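Asker: below is the sequence, then the predicted model.
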Amino acid sequence: MIHSRIRFSGLILLLLLAFTVSLVSAQGIPDVAREDTVILDIDGGASTNRAPFSHNQLFGGSSAGGNVGTGQVVYDPLFVLNYESGEIEPWIGESMTPSEDFLTWTLKIREGAWWADGETLDADDVVWTVNLLLNDETRRLARAAAIQGWTESVEKIDDLTVQFNLSKPNPRYQLDYYSVKIGGSFLPMPEHHWSQVEDIFADSNFDLENGHPLGSGPYKMVSASENEFIYDRDDNWWGAASGYFPLPEPKRLIWVHTGNDDVRSLLAIDNQLDSVMDITVGAYDVISAQNPNFVTWTEDLPYVWFGPCARRITINHTVDPWGDPDMRWVLSHATDRSEVVRIAYEGVSVPSRTNFPEYGGLQVFINALEEAGLTQSPVADVAAAQAILEGKGYALNDAGIYEKDGQELGIEIQAHEGFIEKRRIAENLVEQWRGAGIAATQVNVAGGTWSDNKALGNFEATGDWDQCGSINEPWAGMDRDNVAWYAEIGDRAPGGNNFGRWSGEKAEAYSAIVDQMGVLPLGDEAIMPLFMEAMGIWYEELPTLPITQATKLIPFNETYWTGWPTAENNYFHAPTWWHSTAKIILNLQKAG
């Protein structure tokens, strides 16, 4: 029953009705009781999916690379990183161990794994997939650039053992490329199917009647549309049949596009969502006031789980005058990060001091930067910004905007239209920067276009979260700014790295130091001085603008299901759109 304390428009009520009807009649599939079904909100705020029938896991733009369920419960990873314990947990992989010189890694695969069509999952699948990526000269296939950067060759030792021969030592090889951190880790593909595909680049991997998308996960897709994706439990899932995992209790999972906070709030109140995506504090207050069965990471404010992808503004270095680091510092000086937290986050985040997440394992590095004066200020220094501009010949015009040679100084921020958080950040920065004399504007862009624009360099500034990578040590996040990933405008930035197109002598010096760090074992005493040297260059050049830490307010509904991760029950991290979501599903139990 929907409580009368919320006033909803007729349009939203129609959306609710359409959603309710779709749950019981989707493409004529068998009914499953609501109490046996978990309904998950799709992250991103889009009301429809632009590629609902594209599930080729080798392309980030496909649904498989996103958050509609395929990457969560159809495709099994080798390993999963547990952010709460800090442990790498086995999934298809049993173990992955390095040689003493970190030039060879040996993967052991669990015995008794199989694909959903009954074919054995073994070393042949892993070797075939790695070779596919190694031979991708275009580097368009997901993970191809990363695998090529370190891997010389791969070989089958026996049916359950694979040896990776590296081109240079890498102590992080398993963690960074074969363990799910968020998404995008290596996924083995069924050789018996994909080796017969004529054009892997064009194949959608979608044919429900013939069992595609074909994976090895605990669920199979039974329906897909622009609005929702439905998966039914595979009662013959290898993970349970072989005794490694329990068979999940939910018989059906549904991922739905809700579109905005109004719709998802209404659905949550009406018990038509079990996992609600990243919402505002105000929206959660509305939900919890009318449906007390919802829980969040913390019982009281701030409610949120802190994510690893600190928020930032990436500046396109190929667009004048923003290729000048002094001009990027103008933007940083003009930014009051505390104000962004107050306005965009309703107080439930913190300003970023650096480009790293404020995680425990990184604090020694972040604190060292702060002691050296290499951190960003939480408050603005508009006078410093204006002094730089005036020193470069800019002057305020009658409209209060700096101009030079008759040209006003302006910058456009692209914001992903599906995320209210990202839109609010951009809105607040536009107001702040205009107040400092910069003709800033904002444009909200559809998610697919926003992603393409980043990759191809079609932007002046964009709000993003693409410094992700570092969890307990700094190398992975630092490597994302490596000049090795540089791409010309119009070419895709490999792996979503360095899409601001940072280049030049100092960028090369930074990258050389990062490369030195990359071959050192975790905890090596040589890492800290190299880190400080590289970050001194990074601070001077300021290739991107750190803004705030990432916070995720993810309400879970206990009306039908319990066992959701919380700060008190932190067996795992909270996001249900990451490619480790199956771990959460396996821990759910029927309420009551």
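Answerer: Arrived safely. Numbering: from 1, shown residues only.

Asker: in the chain, where is pLDDT below threshold?
Answerer: Counting by pLDDT under 70, the chain contains low-confidence ranges at 1-27, 45-46, 60-65.

Asker: centroid-nearest residue for it?
Answerer: residue 182 (5.5 Å; Cα atoms, centre = their mean).

Asker: which SS class is the closest residue to it other than its chain neighbours?
Answerer: Nearest in space to residue 182, with sequence neighbours left out and distances taken as Cβ to Cβ, 6 or more residues apart in numbering, is residue 578 at 5.1 Å. Where you see a C-beta, it was placed from the backbone N, CA and C, and this is true even at glycine. Following DSSP: H, G, I helix; E, B strand; the rest coil, the label given to residue 578 is coil.

Asker: for residue 230, same thing?
Answerer: The three-state label given to residue 230 by three-state DSSP is strand.

Asker: i'd like the first residue to be 52 from this point on
Answerer: I'll keep to 52 as the first residue from here, and by that count the last item is residue 281.

Asker: so it sits against residue 274, correct?
Answerer: Yes. Contact status for residue 281 versus residue 274: in contact at 4.0 Å, counting by Cβ atoms under 8 Å.

Asker: who has more neighbours out of these two?
Answerer: Per other Cβ atoms under 10 Å, whichever of residue 281 and residue 274 has more neighbours is residue 281, with 25 against 16.

Asker: what separation do you get for that one and residue 95?
Answerer: 19 Å (Cβ to Cβ, to the nearest Å).

Asker: and what of residue 141?
Answerer: For residue 141, the distance to residue 95 equals 30 Å [Cβ to Cβ].

Asker: give me the neighbour count for the residue nearest to residue 233.
Answerer: 23.

Asker: was I right about it contacting residue 230?
Answerer: No. Look at residue 629 against residue 230 with Cβ under 8 Å: they stay out of range, at 12.0 Å.

Asker: count residues in the vicinity of residue 424, would you?
Answerer: For residue 424, using other Cβ under 10 Å, the count is 8.

Asker: mind listing the helices in the stretch 352-501 of the chain by residue range?
Answerer: Taking DSSP state H, counting those that start in this stretch to define them, one finds helices in the stretch 352-501 of the chain at 376-384, 388-395, 414-422, 433-442, 471-486, 498-507.

Asker: alpha carbons of stretch 504-512, as CSV, please.
Answerer: The C-alpha atoms that make up stretch 504-512 are tabulated as CSV, following Å, rounded to 0.1, in the frame of the first residue of the first chain:
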residue,chain,number,x,y,z
ASN,A,504,33.0,11.1,-25.4
LYS,A,505,35.4,10.3,-22.6
ALA,A,506,37.0,7.5,-24.6
LEU,A,507,37.4,9.5,-27.8
GLY,A,508,38.3,12.8,-26.2
ASN,A,509,35.2,14.7,-27.2
PHE,A,510,34.9,17.0,-24.2
GLU,A,511,36.5,20.0,-22.5
ALA,A,512,35.9,18.7,-18.9
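
Asker: need the residues that contact it.
Answerer: 364-367, 369-370, 373, 462-465, 496, 503, 513, 515, 517, 538-544, 547, 550, 552 (Cβ atoms under 8 Å, 6 or more residues apart in numbering).

Asker: give me the nearest residue to residue 168, chain neighbours excluded.
Answerer: residue 262 (5.5 Å).

Asker: residue contacts, that neighbour?
Answerer: 167, 168, 271.

Asker: ok, of those residues, which come out buried?
Answerer: 167, 271 (16 or more other Cβ atoms under 10 Å).

Asker: counting only strands, which of the contacts of residue 262 make the cut?
Answerer: Among those, the members found in strands (DSSP state E) are residue 271.

Asker: please report phi then psi for the residue nearest to residue 233.
Answerer: phi -80, psi 160 (degrees, to the nearest 10).

Asker: show me the contacts for it.
Answerer: With Cβ under 8 Å, 6+ apart, residue 629 has these contacts: 118, 123, 231, 233, 234.

Asker: switch to 7 Å and redo it
Answerer: 231, 233, 234 (Cβ atoms under 7 Å, 6 or more residues apart in numbering).

Asker: from what I see, residue 330 and residue 604 are in contact.
Answerer: Yes. Between residue 330 and residue 604 there is a contact under Cβ atoms under 7 Å: 5.6 Å.

Asker: state the distance from the residue of the chain positioned farthest from its centre to residue 158.
Answerer: The C-alpha centroid of the chain is most remote from residue 449, which lies 43.2 Å away (Cα atoms, centre = their mean). Distance from residue 449 to residue 158, counting by Cβ to Cβ: 67 Å.

Asker: identify the residues contacting stretch 215-229?
Answerer: For stretch 215-229, the surrounding residues in contact (Cβ under 7 Å, 6+ apart) are 129-130, 132, 139, 144, 147, 149, 152-156, 158, 194, 197-198, 201-205, 236-237, 526-527, 569-570, 572-573.

Asker: buried stuff in that stretch?
Answerer: The neighbour-count check on stretch 215-229 (16+ other Cβ under 10 Å) flags 215, 217, 220, 221, 222, 223, 224, 225, 226, 227, 228, 229 as buried.

Asker: ends of that stretch, what's the gap?
Answerer: 12 Å (Cα to Cα, to the nearest Å).

Asker: enumerate every residue touching residue 389.
Answerer: 402, 429, 430.

Asker: quick check: the last one touching residue 387?
Answerer: Yes. Judged on Cβ under 7 Å, residue 430 makes contact with residue 387 at a distance of 5.4 Å.

Asker: for stretch 296-313, what is the distance to the chain centroid?
Answerer: 19 Å (Cα atoms, centre = their mean, to the nearest Å).

Asker: quick one: the residue lying closest to residue 428 once chain neighbours are set aside from residue 299, how far?
Answerer: Using Cβ to Cβ, 6+ apart and skipping the chain neighbours, the partner closest in space to residue 428 is residue 388 (7.5 Å). The gap separating residue 388 from residue 299 is 41 Å, by Cβ to Cβ.

Asker: which of the two has more residues huddled nearby?
Answerer: Under the criterion of other Cβ under 10 Å, the comparison of residue 388 against residue 299 puts residue 388 first, with 27 against 22.

Asker: quick one: classify residue 610 as helix, strand or coil.
Answerer: Under three-state DSSP, residue 610 comes out as coil.

Asker: for the nearest residue to it once chain neighbours are set aside, give its distance to residue 192.
Answerer: Among residues not flanking residue 610 along the chain, residue 344 sits closest, at 4.5 Å (Cβ to Cβ, 6+ apart). From residue 344 across to residue 192, the span is 43 Å (Cβ to Cβ).

Asker: between the two, point out the one with more neighbours.
Answerer: residue 192 (20 against 17).

Asker: wait, doesn't that one sit right on residue 180?
Answerer: No. If you go by Cβ under 7 Å, residue 192 and residue 180 don't touch, sitting 9.8 Å apart.

Asker: what about residue 333, neighbour count?
Answerer: So residue 333, with other Cβ under 10 Å, has 10 neighbours.

Asker: thinking again about what came up before, of the buried residues of stretch 215-229, which belong to strands?
Answerer: Reading strands off the buried residues of stretch 215-229 with DSSP E, I get 215, 217.

Asker: dump the buried residues of stretch 215-229 to JSON lines, plus distance to residue 622.
Answerer: Below are those laid out as JSON lines (distance: Cβ to Cβ, whole Å):
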{"residue": "215", "distance to residue 622": "30"}
{"residue": "217", "distance to residue 622": "33"}
{"residue": "220", "distance to residue 622": "34"}
{"residue": "221", "distance to residue 622": "30"}
{"residue": "222", "distance to residue 622": "27"}
{"residue": "223", "distance to residue 622": "25"}
{"residue": "224", "distance to residue 622": "27"}
{"residue": "225", "distance to residue 622": "22"}
{"residue": "226", "distance to residue 622": "20"}
{"residue": "227", "distance to residue 622": "24"}
{"residue": "228", "distance to residue 622": "25"}
{"residue": "229", "distance to residue 622": "22"}
